[in-house]
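Chemist: Based on what follows, work out the 3D shape:
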Amino acid sequence: MNVPNALTISRLAAIPILMALLLLRFPGHDQLAALLFIVFSLTDTLDGQIARRSGRVSDLGKFLDPLADKLFVLAVLIVLVQEGLVAAWVVVVIFSRELIITILRSVAASQGRIIAAAPLGKTKTVTQMSAVTLLILQRPYPVLIPLADVAVAVAVVFTLGSGIDYLWRFRHLIAPFDTARMRAAVGGGAPEASPAELAEVLRGTGMTVAVAESITGGMIGSLITDQPGSSAYFAGGVIAYSNDVKREQLGVAPSLFESAGAVSREVGEAMAEGVRSRLGTSLGVGVTGIAGPDADGTRKPVGLTYVAVASDGHVVSREFTFEGDRASIRRQAAAEALRMLIGEVRGLRRASP
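Modeler: As a prediction, the model looks like this:
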């Protein structure tokens with residue numbers, strides 16, 4: 001238990017107090033209920049900010065925060081329906097969305113994965129809380145009724161939109177379209193055969209490999225060396241987490257950090273070419289990205305990753321935007337790097353006389 005999680009739990013503890021204030025009748029009870037609702041709603045912003053800034057993001061917090069938001073808003077809405085302050089269908093829509101996403105989270109949990117609250121989900125929560133505040137205050141202040149109606153409509157739109165967003169982004173959890181990619185996405189790492197497949201395609205070619213890893217922090221090298229006999233083709237790697245290491249050890253031009261940013265196709269390609277040149281190998285792999293939970297002070301999305309594979313006079317790169325938590329994003333990046341490396345080796349073999 002830490003401060004962010006305590007703030008999250010405080011929203012759950014506030015539910016019976018708010019329900020009592022809305023049902024009881026005494027001067028100013030609605031105004032007091034609205035005030036407390038706003039105060040406890042603010043903890044939804046505070047808990048996340050404190051957790052990220054203090055490095056206290058936990059699986060408990062990722063699970064509990066969206067659950068507390070749902071119960072906090074739905075409990076008050078149910079009382080407002082009973083008091084005749086909002087139509088029942090609004091609560092049905094909101095509850096249906098929350099039920100579907102809860103089922104999705106349960107599926108993810110059964111696969112060892114935590115689905116954290118998404119930005120659109122947070123926006124949905126803000127619109128719902130704003131609507132609820134106006135619905136509470138419309139009873140003592142009838143002039144707010146039109147504004148409350150508009151706020152409810154906006155909240156319903158964002159509720160449906162965020163639900164569709166979750167279902168689309170995590171569709172692999174309920175409709176596996178690629179078994180190998182699904183295993184990587186939900187926490188299984190790279191497909192089990194990939195290191196062996198790399199060894200197979202390299203056999204007899206004389207090609208060697210080196211890796212330059214930022215986001216993956218050594219995971220690609222670890223996967224490659226899991227295969228017995230990998231010393232025959234794997235030279236080594238550079239874990240280049242800082243820009244200084246990328247520049248000094250891999251020869252990445254400082255101008256690339258200024259023009260494109262550390263997480264960019266240009267830097268990924270320069271890393272691949274740099275490690276290939278420095279370690280004298282046939283192939284070089286470069287990976288750079290944002291693993292989260294924050295975007296490291298940039299406007300680029302969490303999960304954005306660039307994977308590059310360099311060979312003699314040729315470099316190929318791809319852009320990915322992975323979903324999931326930090327560990328899942330890093331595993332997916334390592335898995336895709338192996339796939340691209342295997343594909344490049346096969347291409348070189350086909351092109352050789």
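Chemist: where along the stretch 151-300 of the chain do the helices fall?
Modeler: For the stretch 151-300 of the chain, applying DSSP state H, counting those that start in this stretch gives helices covering 179-183, 194-202, 219-225, 243-250, 254-259, 265-279.
Chemist: Please work out which of those helices is packed deepest.
Modeler: Most buried of these, by mean neighbour count (mean count of other CB atoms under 10 Å): helix 265-279, with a mean of 23. Just so you know, the C-beta spots here come from the backbone N, C-alpha and C atoms, and that holds for glycine as well.
Chemist: contact partners of it?
Modeler: Helix 265-279 is contacted from outside by 210-212, 214, 235-238, 240, 246, 249-253, 256-257, 259-261, 281-288, 306-311, 315, 317, 319, using CB atoms under 8 Å, 6 or more residues apart in numbering.
Chemist: Report the rounded mean pLDDT for it.
Modeler: For helix 265-279, the mean pLDDT works out to 95.
Chemist: Can I get that helix in PDB? Just the C-alpha atoms.
Modeler: Output in PDB follows, covering the C-alpha atoms of helix 265-279 (Å, rounded to 0.1, in the frame of the first residue of the first chain):
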ATOM      1  CA  ARG A 265      13.600   5.800 -37.700                       C
ATOM      2  CA  GLU A 266      16.800   7.700 -38.400                       C
ATOM      3  CA  VAL A 267      18.300   6.900 -35.000                       C
ATOM      4  CA  GLY A 268      17.300   3.300 -35.200                       C
ATOM      5  CA  GLU A 269      19.000   2.900 -38.500                       C
ATOM      6  CA  ALA A 270      22.100   4.700 -37.300                       C
ATOM      7  CA  MET A 271      22.300   2.400 -34.300                       C
ATOM      8  CA  ALA A 272      22.000  -0.700 -36.600                       C
ATOM      9  CA  GLU A 273      24.700   0.600 -38.900                       C
ATOM     10  CA  GLY A 274      26.900   1.800 -36.000                       C
ATOM     11  CA  VAL A 275      26.900  -1.500 -34.100                       C
ATOM     12  CA  ARG A 276      27.600  -3.400 -37.400                       C
ATOM     13  CA  SER A 277      30.500  -1.200 -38.100                       C
ATOM     14  CA  ARG A 278      32.000  -1.100 -34.600                       C
ATOM     15  CA  LEU A 279      31.700  -4.900 -34.100                       C
END
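Chemist: Centre of the chain to it, how far?
Modeler: Put simply, helix 265-279 sits 27 Å off its chain's centre (CA atoms, centre = their mean, to the nearest Å).
Chemist: follow-up on the earlier one: would you mind reformatting the helices of the stretch 151-300 of the chain (as a markdown table) and adding columns for distance to residue 302 while you're at it?
Modeler: As requested, those are exported to a markdown table (distance: least, CB to CB, whole Å):
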| stretch | distance to residue 302 |
| --- | --- |
| helix 179-183 | 19 |
| helix 194-202 | 25 |
| helix 219-225 | 18 |
| helix 243-250 | 19 |
| helix 254-259 | 20 |
| helix 265-279 | 17 |
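Chemist: Return the subset of the contacts of helix 265-279 lying in strands.
Modeler: 210-212, 235-238, 283-288, 306-311, 315, 317, 319 (DSSP state E).
Chemist: Any of the residues you listed buried? List them.
Modeler: The neighbour-count criterion (16 or more other CB atoms under 10 Å) marks 210-212, 235, 237-238, 283-288, 306-311, 315, 317 among the ones in strands among the contacts of helix 265-279 as buried.
Chemist: Low-confidence stretches in the stretch 1-150 of the chain?
Modeler: When residues are selected by pLDDT under 70, those of the stretch 1-150 of the chain lie in 1, 48, 51-62, 108-118.
Chemist: now do 80
Modeler: 1-5, 44-67, 69, 102, 104-122 (pLDDT under 80).
Chemist: For it, which segments are assigned as helices?
Modeler: Under DSSP H, counting those that start in this stretch, the stretch 1-150 of the chain gives helices at 3-23, 29-54, 59-82, 88-110, 119-137, 145-169.
Chemist: I'd like to know how many residues surround the nearest residue to residue 241 once chain neighbours are set aside.
Modeler: Leaving aside its sequence neighbours, residue 241 sits nearest to residue 214 (CB to CB, 6 or more residues apart in numbering; 5.8 Å). When neighbours are counted by other CB atoms under 10 Å, residue 214 registers 28.
Chemist: for residue 214, what are its contacts?
Modeler: Listed by CB under 8 Å, 6+ apart, the contact partners of residue 214 are 239-241, 246, 262, 271, 287-289.
Chemist: nearest to residue 32, of those residues?
Modeler: residue 289 (48.0 Å; CB to CB).
Chemist: Who is the closest one paired with across the strands?
Modeler: residue 305 (DSSP bridges).
Chemist: sorry, back to before: any idea which of the contacts of residue 214 is closest to residue 132?
Modeler: Once CB to CB is applied, the member of those that ends up nearest residue 132 is residue 289, at 38.1 Å.
Chemist: Tell me how many other residues crowd that closest one.
Modeler: Residue 289 has 26 nearby residues by other CB under 10 Å.
Chemist: correct me, but it touches residue 263?
Modeler: Yes. Using CB atoms under 8 Å, residue 289 is in contact with residue 263, at 5.7 Å.
Chemist: which intervals of the stretch 201-350 of the chain have sub-threshold pLDDT?
Modeler: In the stretch 201-350 of the chain, residues with pLDDT under 80: 293-298, 313, 350.
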